[in-house]
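# Just to be clear, the model below is a prediction. Sequence and coordinates:
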Amino acid sequence: MPDETLTVYYDGACPLCRAEIGHYRRCRGAERIAFVDVAPDGAPLGPDLDRAAARARFHVRDADGRLRSGAAGFARLWSALPRWRWLARIARLPVVLPLA
């Protein structure tokens with residue numbers, strides 16, 4: 001596996017999630033991201049993320065171990081993908097992230 005800067009946890013049993021992650025995996029910069037399907041039993045999640053939570057909501061883990069979920073997780077993923085960085089900047093605005 002490449003030297004990941006980010007780990008993305010997604011529910012591969014969800015058709016919408018699978019399609020969206022499939023799109024991100026084809027983006028430039030995705031080769032540095034580890035994508036973990038949380039649907040199968042035994043998926044490597046880390047000590048602070050259980051399978052039910054991982055399946056219920058989008059989660060991203062930084063290389064330093066920080067876990068982000070929901071809109072904050074998407075903003076972190078977008079910041080790692082060059083063509084999506086503009087959206088990450090918008091999503092991180094103080095008024096936007098709490099609403100997202």
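Nice, I can see it.
# Verify the stated contact: residue 34 with residue 5.
No. In this structure, residue 34 is not within contact of residue 5 by Cβ atoms under 8 Å, at 9.0 Å. Bear in mind the C-beta positions are built from the backbone N, C-alpha and C, glycine included.
# Can you pick out the residue with more neighbours from these two?
Counting neighbours by other Cβ atoms under 10 Å for residue 34 and for residue 5 shows that residue 34 has the greater number, 16 against 13.
# what about that one, distance to residue 90?
Noted for residue 34: a distance of 25 Å to residue 90, by Cβ to Cβ, to the nearest Å.
# where along the protein do the helices fall?
Along the chain, counting by DSSP state H, helices occupy 15-25, 51-56, 70-80, 85-91, 96-99.
# of all those, which lies closest to residue 63?
Residue 63 lies closest, by Cβ to Cβ, to one member of the helices of the chain: helix 70-80, at 10.3 Å.
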